[in-house]
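Chemist: how would this look folded up:
(chains A and B)
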Amino acid sequence: MRHRMKGSLLILAAIGAAAMLVQAEERPAATLKILRLTPPSNLFALGDPNPPIIARFLPGQRFDFQATVAPDAGQTITDADFWVDGKKVSGPVTSTLATVAGLPAATRIFTRRAYSSNKTGVRHLVVRAAQSDGQVVTAEGNFEIVRLDDDDHDGDRGGRAKNIIIMIGDGMGIAHRTAARLMLHGAYQGKSRAPLAMDTFPTTGIVTTHSLNSIVTDSAPGAFCYSAGNKTNNNQLGVFPDDTTDFFDNPRVELIGEYLARTEGRSLGIVTTADVFDATPAAFGAHTSNRGAGTGICDGYLDEQVPNSNLRVLMGGGRKWFLPQGTPGSARVSSLDYVLPAELSTGWGVAPGSLDPTRDLIANFQGAGFAYAANKTQMDAAVGDRLLGLFAFSNMNVSLDKIGKRRGTSTIVDDFGFPDQPMLDEMTAKALDVLQSNHRGFVLMVEGASIDKQAHNMDTDRWILEAIEFDRAIGVAKAFAETHRDTLVIVTADHECSGANIIGASTVTNSALVTRSTSGGGAAQLRAGVVGNYDAAGFPVYVIAPDGYPVTTDPDFKLLIGYAANADRYEDWLTNLKPIQDTQQPFIGVAPLNTYPAGPLNRDTAGNFLVTGQVEGTTAVHTASDIPLSAFGRGSSAFTGVMDNTDVFFKVMKAALGEGKH
Amino acid sequence: MSRNARFLRCLVAAGLLAAAAGCSKSSEGGARPPVAERDKLPPLPDGVTELKFAEFYRMPVGPRGLEYTERLESLRGKKVRIAGYMVRQVEPAARTLLLAAKPMSVHEDDYGFCDDLPPQILHVLTPDSEPSAVPFTPGILLLTGRLDLGPRQEPDGRVSHVRLFLDPPARKSGQRG
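Modeler: Residues are numbered from 1 along each chain as shown, chains lettered A, B, ... in the order given. Take a look at the predicted model:
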C-alpha cells in the first residue's frame, strides 16, 4: 500500500514524478506495482483522499473498474480483484496484456465491466493483484456515487424534466456570445437593444472546462463531461484512459442517452453542423479513446446507440463514413473500425462489431426503420419516428455561406457540392418533431459546431454568424420548452476557442477599409486610423434582413475582433469572401475549391498587415477560459454559480430524474 | 545510371513540368504553381484527351456517394493526359504513384488510410517493364496513359476508383532497353 502524502508540496512532488515517468522513454525497471487504477482518483495518483473526488457517478450508472499491474522481472501477474468499501466486487475480472509502449514486460490489465452501485457517497476502492511468486500488491482509490436528493432546487420543484435539450456552442466563450448579440441586435447609449435567445434564459452560471490531463481541453472530454459526468484525457470520449493501443476497449462510462433509455425508456437525438463523427456528437453516442475513429464511431451509432440509447435522430455532415468502401467518397477503413473484446461485449451487453469497410451504413439505418435525408428538402419531407440526415460528406457549410446561397449572393455551397443544406434551427425543429413521438421523453444534443471551427480559422464574420445561427436554434428549443413545460434546456460550450474578444470597432467606412485592404500598407493602413477602441468604438450598427442574418457583415464602422490564442494571420477586417480550405471535404484541391485560401496566411495578403501569434501552426487554439452556461425550464434554477463541467451532468440528471428518486 | 534514375527521367520525358520544383511534402495548399500552368502544356498528341481532376465526379453531389461524370465515363479505356502532383508517401506501393490536384503527403505508418486524400485521387500504375519503386518527384507531372474506372482494391489495401495505366517511356530511335 502506498504511503499517503499530505500537503501541497508532497502533492506537487508526486505530480512532478508522475510527469517524469510519463516522459521517460526507456522501459522502466520491472517492479511489482499498480501503475493505473480506474476510475481515476487523487487518492491513487496523489495519495490524497480529500475532495475534489475526480470520478463521480449516478446511482446505478454503469462504469468499469480497471487496473494496470506491472510484475517483478521474470514474474507474471496471475490475478486481481477489486474491493469497494472492504467488500469484494463480484463478477468476472478479465485480463489482457498491456500494449502501449514503455511499460515493463508482462504488464497486465485487469478489468471488471459495467459495475454500478446505488449506495451514495464517497466509496473506497482497492485493487489487489497477485504475482506468480505469491507476492501481493494493492492500491487504493476512490469514487463517488452522487446523491440526487441533496440539491438546492428552490424555484422549480414540480416534477421531473422529461425532455432534456443540451445546446453546445462548440468553442463559444463569453466573447462569442457578446459579438453575436452586438451584430444581431446592436447596442446604443450603453444598453443592448435586445437580448439573444440564450440571454433570456433565467439562470446563468460559469463552467470550468479542464480535462483529465490538461487545463486546456479538446472537444472530446469537453463534451463527455456533459454526457457522462466524468473527466477523461483529450481525444477520448465515453471512456477513461487505459494502457492498450486498442481504441475501443477502454474502461467505459455509461452515457446519458444509454442511462435514460435503460432506466426510463427515453430516446436520444444528436444534431450537429459538424461531421456526425466529430467529438461533440460522438461524446453522446460513442466509447473510444480515438475521436478520429470515424468508421467505428458511426457504426456504433447504429449497433449500440439505436438499441441501447433509443437513438432516433442523427443529423449533420459525415456521409463519407456511411458509404461502403468501393463507393467514391467513402472514408470507411478497417483501421478506424472495431471488434470489441468478448469480455467487453458481454459485460456491457452490446454488439461486438466487426471490421466491415464495405458496409452500407445508410442502408443499414434504413433497414432499422430510419428515414434518410440527404438535403433540406428531404429532411422537411421525412416522416416517421426515426431520422438520419447526412447533409455533407464532412462538416456542413457554415451559415454565412448557406444564407448567401439562399439569398442568391453566394455559390460557396455549390462549390462544395451540397447546395441544399438545412440551417441548424431547421434541423433542431425537425429533431424535436421526431423525438416527440416518445411519450417517455428524450435527450437531444444540438451542437453549433463551427463557432469553434471558424474561430480556429480566425474567420471572424463566419463564427459570429455561426453563433447567431446557434442562437436561432436555441430559440427553437426555448419555444418548445415553453409549450412543453416538462423540458429543461441548457446552453453552454465545451470550451472557449481562440481567445476571441471584441477590440472595438472600425473607425472608417467600408469603402475606406476596402481601399486600405489593398494598399499593402500594413499596420500603418489597417491598424492606425482603423482600430477604434474605447470612445472611438462607438456602437456598430448592422442591418438585419428578414431571414434573421445581417444584410452585410461589412457595414461602415464594423465590429472588430482580436484573438489571444492565435497563430499568425493576415488581417484586413473585411469579411473573407471564401472560407479556408477544409481538407476533409471531398472536392478539396480541385477547382473551384483550390482557389480557396489554404490558411490564415493565404488570405487578406494585399493589405500586408501581419498579426503574429503566440502559437505555432496555422490556426488559433482552444483556451482554458471558463465558459458561460444558461438554463431554461424545469430544473433550471440549479445551474448557478461557478461549476465544474462535470457538475452540469449531475444537475441535468437531477432535473431529469427528480429529487429523491434514488 | 540506375534504373530508378532512368525511370525518373522517363517521367520527365512523359511530360514532367519542372515549374514546381521545391513544392514538397506539405499537404497545405500554399506555395504551388497555379493550375494555369496547364496553359503552357505541350500540344496533345493525336488520340489523347486532356482530363482534369475537377472532371472526375458530378456536382452537385447526389444523395449517396460520388458519381463519375459523363465525361469521365466517356474516357474509360481511352488515352488521356492529366496534370497533377505526386503524393509524397512514407510507404508507397510498388509500381504505383498517387496523383493529386495539389501537393499532398500521407503518412501511412501513423494514420493508415485515415488521411486527408480527397476522392479525386488518381492511381497511376507504371509499366511492368519499369522498376517497382517510383521515386518521389516534386512539381507538376504531366502524365499520359490509359484511363480505367471502377472500384478496385490495390495491393497496398487502398481502394482505387480512377486509374491511369502509364504509357511506357518514349525511347529514342535505336535506344536499347
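
Chemist: is chain A contacted by the longest strand along chain B?
Modeler: In chain B, taking DSSP state E as the definition, the longest strand is strand B:140-153. Yes: interface with chain A: strand B:140-153 contributes B:Pro151 (C-beta under 8 Å from any C-beta of the partner chain). Glycine gets a C-beta too; all of them are placed from N, C-alpha and C.

Chemist: what mean pLDDT does that strand have?
Modeler: Mean per-residue pLDDT for strand B:140-153: 94.

Chemist: what strands line up against the helix or strand following that strand, and which way round?
Modeler: Using DSSP states H and E, the helix or strand that follows strand B:140-153 in sequence is strand B:159-166. Its sheet considered, strand B:159-166 pairs with strand B:122-125 (parallel), strand B:140-153 (antiparallel) by DSSP bridges.

Chemist: picking that back up, buried stuff in the longest strand of chain B?
Modeler: B:Ile140, B:Leu141, B:Leu142, B:Leu143, B:Thr144, B:Gly145, B:Arg146, B:Leu147, B:Asp148, B:Leu149 (16 or more other C-beta atoms under 10 Å in any protein chain shown).

Chemist: just stretch B:124-137 next, same as before
Modeler: Buried residues in stretch B:124-137, counted by 16+ other C-beta under 10 Å: B:Val124, B:Leu125, B:Thr126, B:Glu130, B:Pro131, B:Val134, B:Thr137.

Chemist: ditto for stretch A:193-203
Modeler: So, applying 16+ other C-beta under 10 Å, buried residues of stretch A:193-203: A:Leu196, A:Ala197, A:Met198, A:Asp199, A:Phe201, A:Thr203.

Chemist: endpoints of that stretch, how far apart?
Modeler: With C-alpha to C-alpha, to the nearest Å as the measure, stretch A:193-203 spans 20 Å from end to end.

Chemist: can you list the low-confidence ranges for chain A?
Modeler: Residue ranges of chain A with pLDDT under 70: A:1-29, A:150-158, A:659-662.

Chemist: 90 instead, please
Modeler: Across chain A, the ranges flagged by pLDDT under 90 are A:1-30, A:148-159, A:326, A:333-335, A:582-592, A:594, A:617-618, A:658-662.

Chemist: tell me, what residue is most central in it?
Modeler: The geometric centre of chain A, computed from its C-alpha atoms, lies nearest to A:Thr280 (C-alpha atoms, centre = their mean), at 2.9 Å.

Chemist: so who does that residue touch?
Modeler: Counting by C-beta atoms under 8 Å, 6 or more residues apart in numbering or on different chains, A:Thr280 makes contact with A:Ile168, A:Asp170, A:Ser219, A:Gly222, A:Ala223, A:Thr272, A:Ala274, A:Met445, A:Glu447, A:Ala449, A:Asp494.

Chemist: hey, where'd the strands end up in the stretch 251-400 of chain A?
Modeler: Secondary structure of the stretch 251-400 of chain A (DSSP state E, counting those that start in this stretch): strands at A:267-275, A:311-317, A:371-373, A:387-390.

Chemist: and chain B, by the same measure?
Modeler: Remark: strands assigned in chain B by DSSP E are B:49-51, B:79-86, B:88-89, B:96-100, B:105-106, B:122-125, B:140-153, B:159-166.

Chemist: those: which one's closest to A:Ala455?
Modeler: strand B:105-106 (26.9 Å; C-beta to C-beta).

Chemist: quick one: mean pLDDT over stretch B:101-119.
Modeler: 72.

Chemist: and the end-to-end length of that stretch?
Modeler: Start and end residues of stretch B:101-119 are separated by 11 Å (C-alpha to C-alpha).

Chemist: repeat that for stretch A:164-174.
Modeler: 23 Å.

Chemist: centre of the chain to that stretch, how far?
Modeler: 9 Å (C-alpha atoms, centre = their mean, to the nearest Å).

Chemist: residues of that stretch that come out buried?
Modeler: Quick answer for stretch A:164-174 (16+ other C-beta under 10 Å): A:Ile164, A:Ile165, A:Ile166, A:Met167, A:Ile168, A:Gly169, A:Asp170, A:Gly171, A:Met172, A:Gly173, A:Ile174.

Chemist: before we move on, what about stretch A:427-444?
Modeler: Result for stretch A:427-444 [16+ other C-beta under 10 Å]: buried residues A:427-432, A:434-435, A:438, A:441-444.

Chemist: give the contact list for the spatially most distant residue from the centre of chain A.
Modeler: What lies farthest from the middle of chain A is A:Asp133; by C-alpha atoms, centre = their mean that is 46.1 Å. With contact taken as C-beta under 8 Å, 6+ apart, A:Asp133 is in contact with A:Asp72, A:Gln75.

Chemist: low pLDDT regions in chain B?
Modeler: Using pLDDT under 90, chain B drops low at B:1-42, B:89-94, B:102-120, B:128-134, B:151-159, B:167-177.

Chemist: what about the closest residue to A:Asp644 other than its chain neighbours, how many neighbours?
Modeler: In space, and not counting its chain neighbours, A:Asp644 is closest to A:Thr208: 5.4 Å by C-beta to C-beta, 6 or more residues apart in numbering or on different chains. Residues lying near A:Thr208 (other C-beta atoms under 10 Å in any protein chain shown) number 17.

Chemist: show me the contacts for A:Thr208.
Modeler: A:Asp626, A:Val642, A:Met643, A:Asp644, A:Asn645.
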